[in-house]
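J.: Need a 3D model of the sequence below.
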Amino acid sequence: LRDAFKDPDNLMRHRNVAKLMFVHMLGYPSHFGQMECLKLIASNSFSEKRVGYLALMLLLDEKQEVTMLVTNSLKVDMSHKNHYIVGLALCSLGNICSAEMARDLAPEVRRLMKGSSSYLVKKAALCAERIVNKLPEMVPEFVDASVDLLHGRSHGVLLAAATLALSICGLAPAQIPTFRKAVPQLCRVLKNLVQSGHSSEHAVGGVADPFLQVKLLKLMGVLGRGDTESSDQMSDVLAQVATSTETKKNAGNAVLYECVKTVMTIESVGGQRVLAINVLGKFLANRDNNIRYVALNTLAQIVQIDPQAVQRHRQTVVACVKDADVSIRKRALELVYALVNADNIETLAQELLEYLIVCDDEFKPDLTAKLCTLVQRHAPSVEWKVDLMVQILVQAGKHVPEEALRGLVAAVTRDAGVHGYAVRHLYRALMDNLDHCSEGLATAAVWCMGEYGEALLSGAGRLAGEEPLSVTPDEAMSALRVVLQSPSMSEVAREMALTAVTKLGARVPAALEQAKHIVAVHRSSASLELQQRACEFDAMFRQGALSGQLMEAMPPMEEAE
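T.: Predicted structure coming up:
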């Protein structure tokens, strides 16, 4: 190829450049043939120009200095009498346009946007979109032409015009009121598309030109945001799109999804939002996981705007938490987390707890953390909070965050009426799971046994309907001894168990001797912290009646932040 390119009278230059493009696609260097592209573009032959422009778009980009040499050829070809050559020039400009080229060729693009050929007008509009992105200061020069194109009839022109309008509105929000004048026309076009039915020219999956519908809906969402008048003009056609579009194919689902986003963006009334959320509810029942994920993702964004409408689909969302697809489960869990409030916490928490029992191990940490947060935030009573937290500790105690344990303990200390209930409930759970007890459950149980051990042994503070429980000092000390001797427990849990032993012995005379014995054994513990505590507790026991005062119950804790 290098030798062939050196021949000044090479009649096969366009074929050699085609080979060069193939070499480039294979990943080999192709810089030595860049100038050949310019020679082909300058040719009078359409076939050579076509290969030259294709090579220009493939081999070069806007950062290459060589592209500056092609600016004049582009300007000449954009005025050519053959509209196919003009189309080649526009395609190339739309792909490799730099700021300098945009500044030089913008007048030609504006001229072509006002032409009569839809083939060239749509290409010119896309070139204009590239130009305004490169040079935002040129936006005002294309606003009027863009608005005019939105009144066209060609689908291709309308699609390109909507794309250009979206870019202009994003770059210069001050121009949005100008485009709002075209809202009635956009509504008419969209209504015609919905009512036209199947058209072999533009239909995809039985939906009339879904690409144009989606682009128009996006533009309507931008124009309707913050403007009641424009939103009112759109309301009827948006309702028609939401109720008339087929959902059997992805094309229809794409249109409906964009329609929902538009309804939730503009200043729509409550009925329209309910309709949009019901469409997402249908998406949740779809078998395609991609569509269900999109619905969950959108509902998670909408729940802050209209939580009551989303609540209607609560059962379907909770069912998605149990889905086999991990991405669906995580997104559904986040949505459930946003849906929970004081009115439905009892129902949703119980459903999530049932799933916690059977879910995969990799999903348990996230589910446990969110469930604990919901309980902390929305618990209707301390008694209910104790019940649910104990169940969580039994099922996934190793995943319960420390903040949740602190919140549970703090809530119990602040309500004297549940002291006895909490310590008995935790003691039952500890004894039922003593062989495979999690550290979280053991920590909460031994702390309450140390603080409210008298209520555990005497049965004081029993609530209505609570199952009676009889515990002797020996049984309580035996449970604490198991926690102290368990090799699976952390040093923190064992330290708390030793403290609980000391407090129980100081307050309950029948447990005093066992407590002294356990403390004496741990004076020679291999753990420095346990050894130090045991020595200190042993010294306290020698103080006689003073030890009871030293081991009084802790005061109510402040609510955790």
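
J.: Next SSE downstream of the lengthiest helix in the chain?
T.: Under DSSP state H, the helix in the chain containing the largest number of residues is helix 439-458. Once helix 439-458 ends, the next helix or strand along the chain (criterion: DSSP states H and E) is helix 473-485.

J.: can you pull the buried residues of that following helix?
T.: 473, 476-477, 479-484 (16 or more other Cβ atoms under 10 Å). In short, each C-beta sits where N, CA and C put it, glycine included.

J.: List the buried residues in stretch 382-389.
T.: Under 16+ other Cβ under 10 Å, the buried positions of stretch 382-389 are 382-383, 385-389.

J.: Over to stretch 433-442?
T.: 433-434, 437-442.

J.: what comes into contact with it?
T.: By Cβ atoms under 8 Å, 6 or more residues apart in numbering, the surrounding residues in contact with stretch 433-442 are 390, 393-394, 396-398, 400, 405, 426, 429-430, 479, 482-483, 486, 488-490, 493, 497.

J.: Do I have it right that residue 79 meets residue 108?
T.: Yes - with contact defined as Cβ atoms under 8 Å, residue 79 reaches residue 108; the gap is 7.2 Å.

J.: quick one: which of the two has more around it?
T.: Taking neighbours as other Cβ atoms under 10 Å, residue 79 and residue 108 compare with residue 108 leading, 21 against 12.

J.: who touches the residue lying closest to the more buried one once chain neighbours are set aside in this structure?
T.: Leaving aside its chain neighbours, residue 108 sits nearest to residue 78 (4.6 Å; criterion: Cβ to Cβ, 6 or more residues apart in numbering). Going by Cβ under 8 Å, 6+ apart, residue 78 touches 86, 89-90, 93, 105, 108-109, 112.

J.: what's the pLDDT at residue 375?
T.: In the predicted model, residue 375 carries a pLDDT score of 90.

J.: ok, it - contacts?
T.: Residue 375 neighbours (Cβ under 8 Å, 6+ apart): 345, 349, 385, 388-389, 392, 404.

J.: Repeat that for residue 140.
T.: Applying Cβ under 8 Å, 6+ apart, the residues near residue 140 are 172, 175.

J.: Please apply the same query to residue 249.
T.: 204-207.

J.: Could you do residue 238 as well?
T.: Counted by Cβ under 8 Å, 6+ apart, residue 238 has contacts 217, 220, 259, 262-263, 268, 272.

J.: give me that answer again for 10 Å
T.: Listed by Cβ atoms under 10 Å, 6 or more residues apart in numbering, the contact set of residue 238 reads 187, 190, 217, 220-221, 224, 231, 259-260, 262-263, 266, 268, 272, 275-276.

J.: Which single one of the residues you listed is nearest to residue 528?
T.: residue 260 (62.1 Å; Cβ to Cβ).

J.: which stretch of helix or strand covers the residue nearest to the spatial centre of the chain?
T.: Closest residue to the average C-alpha location of the chain: residue 297 at 6.0 Å, with Cα atoms, centre = their mean. Element membership for residue 297, per DSSP H and E: helix 289-302.

J.: Next, the buried residues of that helix.
T.: 291-296, 298-300, 302.

J.: For those residues, please prepare JSON lines with the additional fields distance to residue 132 and pLDDT.
T.: Shown next, in JSON lines, are those (distance: Cβ to Cβ, whole Å; pLDDT from 0 to 100):
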{"residue": "291", "distance to residue 132": "34", "pLDDT": "90"}
{"residue": "292", "distance to residue 132": "37", "pLDDT": "90"}
{"residue": "293", "distance to residue 132": "34", "pLDDT": "90"}
{"residue": "294", "distance to residue 132": "30", "pLDDT": "90"}
{"residue": "295", "distance to residue 132": "34", "pLDDT": "90"}
{"residue": "296", "distance to residue 132": "35", "pLDDT": "90"}
{"residue": "298", "distance to residue 132": "30", "pLDDT": "89"}
{"residue": "299", "distance to residue 132": "35", "pLDDT": "88"}
{"residue": "300", "distance to residue 132": "33", "pLDDT": "87"}
{"residue": "302", "distance to residue 132": "32", "pLDDT": "83"}
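
J.: mind listing which of the buried residues of stretch 382-389 are in helices?
T.: Per DSSP H, the buried residues of stretch 382-389 map to helices at 382-383, 385-389.

J.: wait, isn't residue 252 in contact with residue 214?
T.: No - the criterion here is Cβ atoms under 10 Å, and residue 252 misses it with residue 214 at 11.0 Å.

J.: can I get the CA coordinates of stretch 67-87 in PDB?
T.: Extracted in PDB, the C-alpha atoms of stretch 67-87 (Å, rounded to 0.1, in the frame of the first residue of the first chain):
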ATOM      1  CA  THR A  67      -8.800  17.700   9.000                       C
ATOM      2  CA  MET A  68      -8.100  21.400   8.600                       C
ATOM      3  CA  LEU A  69      -7.100  20.800   5.000                       C
ATOM      4  CA  VAL A  70     -10.500  19.200   4.200                       C
ATOM      5  CA  THR A  71     -12.500  22.300   5.200                       C
ATOM      6  CA  ASN A  72     -12.400  23.900   1.800                       C
ATOM      7  CA  SER A  73     -13.400  20.600   0.100                       C
ATOM      8  CA  LEU A  74     -16.400  20.300   2.500                       C
ATOM      9  CA  LYS A  75     -17.500  23.800   1.700                       C
ATOM     10  CA  VAL A  76     -17.300  23.200  -2.100                       C
ATOM     11  CA  ASP A  77     -19.100  19.800  -1.800                       C
ATOM     12  CA  MET A  78     -21.900  21.300   0.300                       C
ATOM     13  CA  SER A  79     -22.700  23.500  -2.600                       C
ATOM     14  CA  HIS A  80     -22.600  20.700  -5.200                       C
ATOM     15  CA  LYS A  81     -25.500  20.100  -7.500                       C
ATOM     16  CA  ASN A  82     -25.500  16.400  -6.700                       C
ATOM     17  CA  HIS A  83     -27.400  16.100  -3.400                       C
ATOM     18  CA  TYR A  84     -25.800  12.800  -2.600                       C
ATOM     19  CA  ILE A  85     -22.400  14.400  -2.600                       C
ATOM     20  CA  VAL A  86     -23.800  17.200  -0.400                       C
ATOM     21  CA  GLY A  87     -25.000  14.400   1.900                       C
END
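
J.: Tell me how far that stretch lies from the chain's centre.
T.: 46 Å (Cα atoms, centre = their mean, to the nearest Å).

J.: Could you list the buried residues of it?
T.: 67, 70-71, 73-75, 77-78, 85-87.

J.: Out of those residues, which is nearest to residue 19?
T.: residue 70 (21.0 Å).

J.: In CSV, list the buried residues of stretch 67-87 along with pLDDT and distance to residue 31.
T.: CSV is the format used below for the buried residues of stretch 67-87 (pLDDT from 0 to 100; distance: Cβ to Cβ, whole Å):
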residue, pLDDT, distance to residue 31
67, 76, 13
70, 85, 16
71, 86, 20
73, 88, 20
74, 88, 21
75, 91, 25
77, 89, 24
78, 91, 27
85, 92, 27
86, 93, 29
87, 93, 28
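
J.: Now, these that are in helices?
T.: Short answer: those in helices (DSSP H) are 71, 73-75, 77, 85-87.
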